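Asker: coords please:
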Amino acid sequence: MKKNIAIIMGGYSSEYKISLKSGGVVFKYLDKEKYNAFPIHIFKDKWVHVDEEQNEHPINRNDFSLDLPNGKIVFDCVFNAIHGTPGEDGLMQGYFKLMGIPQTSCDYYQAALTFNKRDLLSVLKPYGIISATSYYLNLGDPINEEEIVKKVGLPCFVKANKAGSSFGISKVYQKEDLSEAILKAYKEDDEIIIESFLNGTEVSVGVITYNGETKVLPITEIVTENDFFDYEAKYEGKSKEITPARITKEQELMVSEAAKRAYEVLKMKGFSRSEFIFVGDQPYMLEMNTTPGLTEESILPQQAKAAGIELPQLFESAIKEALKEK
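Answerer: Coordinates of the predicted model:
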């Protein structure tokens, strides 16, 4: 008997368009001989199944079920393709835990922790995973530009603490530009992280649970035409993503160990993609994404392909891992 799989996509953040693309790719490649797949759009004002004729059918939030003309659908598993809130910050994970429905991403605590860049980097530091010197601000805090520059130097990066896809991020060269960058970051989140600029090679490391084992995927090097790997570079062709990365064996070993250690220390599940910058041979961690992009052009699918894992296999493995818990 085929399993019913809800593919959730959309979300409440600026990343919803990218999420819809990711969810569409999961739906496209999921083996329909094995699974009944249902695209589910999650927005603040509606949770709906969108059928092939683009008709919308409301989800019953009391039990996450679906009433269709031919009967009620209950789901065996949820494939989480929501980037940002509520799919990447623990809210949906907690909801499905209460519903008793397996889902493909990490658990609610790990999602909330990794979504908060400041907390994630603080938790991993005692395990030898280092990051850039940083300065924290919360909405309403006084902004002491002299103090910020003294701690992190210039240039520096101003980032929204809980946002993805490079929304709310600026590279600041002059102290006079800090206030504008901070205001931009506050449009995405009420917490900010300001980090020292690290001059080196940027890489992305996918770590997944595949066939029951933690697997580090081939590493991707990020080369951008822009000043940094911003939204335009990520999604509008202003970067090159080179897999496998052009790094030394020592660098490859160090960053693979750091990414795998972070995944296992945090008791992660599902897919993850961690970003690092090398200063010499030392990798500095920037962040971890727990529902990374899943379009054909996205980094994690590129890495999986380089490892000999095609998208139908990648997506089926995530569902099988989730169903093991049930």
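Asker: Excluding chain neighbours, what is closest to residue 309?
Answerer: residue 210 (7.1 Å; C-beta to C-beta, 6 or more residues apart in numbering). Bear in mind the C-beta positions are built from the backbone N, C-alpha and C, glycine included.
Asker: per-residue pLDDT, the one you found?
Answerer: At residue 210, the pLDDT value in this model is 96.
Asker: Tell me who's in contact with it.
Answerer: By C-beta atoms under 8 Å, 6 or more residues apart in numbering, the residues touching residue 210 are 309, 314, 317.
Asker: which one of the residues you listed is nearest residue 26?
Answerer: Closest to residue 26 out of the contacts of residue 210 is residue 314 (9.4 Å), distances taken as C-beta to C-beta.
Asker: Please name every helix or strand in contact with the helix or strand that contains that closest one.
Answerer: Assigned by DSSP states H and E, residue 314 falls within helix 311-325. Packing contacts for helix 311-325, counted by 3 or more C-beta pairs under 8 Å, 6 or more residues apart in numbering; DSSP states H and E, involve strand 3-10, helix 16-29, strand 77-80, strand 202-210, helix 299-306.
Asker: secondary structure class for residue 131?
Answerer: Three-state call for residue 131 (DSSP: H, G, I helix; E, B strand; the rest coil): coil.
Asker: Please report the distance of residue 47 from residue 101.
Answerer: Separation of residue 47 from residue 101 (C-beta to C-beta, to the nearest Å): 14 Å.
Asker: likewise residue 147?
Answerer: With C-beta to C-beta as the criterion, residue 147 and residue 101 are 47 Å apart.
Asker: Could you do residue 143 as well?
Answerer: 44 Å.
Asker: out of those two, which sits in the more crowded spot?
Answerer: A count of neighbours by other C-beta atoms under 10 Å puts residue 101 above the other of residue 143 and residue 101, at 19 against 12.
Asker: For residue 72, grab the count of nearby residues.
Answerer: Residue 72 has 10 nearby residues by other C-beta under 10 Å.
Asker: for the closest residue to it other than its chain neighbours, what are its contacts?
Answerer: Excluding the flanking residues, the one nearest residue 72 by C-beta to C-beta, 6+ apart is residue 65, at 5.8 Å. Neighbouring residues of residue 65 by C-beta under 8 Å, 6+ apart: 59, 72, 73, 74, 75.
Asker: measure the closest residue to the last one other than its chain neighbours to residue 240 for me?
Answerer: The shortest distance from residue 75 to any residue other than its chain neighbours is 4.5 Å, reached at residue 6 (C-beta to C-beta, 6+ apart). Taking C-beta to C-beta as the measure, residue 6 falls 35 Å from residue 240.
Asker: higher neighbour count, the two?
Answerer: Between residue 6 and residue 240, residue 6 has the larger neighbour count (other C-beta under 10 Å), namely 27 against 12.
Asker: Which residues does that one form beta bridges with?
Answerer: residue 38, residue 78 (DSSP bridges).
Asker: As a check, name the ranges of all helices in the chain.
Answerer: Secondary structure of the chain (DSSP state H): helices at 16-29, 91-99, 108-115, 117-124, 145-152, 178-186, 231-235, 249-265, 299-306, 311-325.
Asker: for those, which one sits closest to residue 133?
Answerer: Here helix 145-152 is closest among the helices of the chain (C-beta to C-beta), at 5.5 Å.
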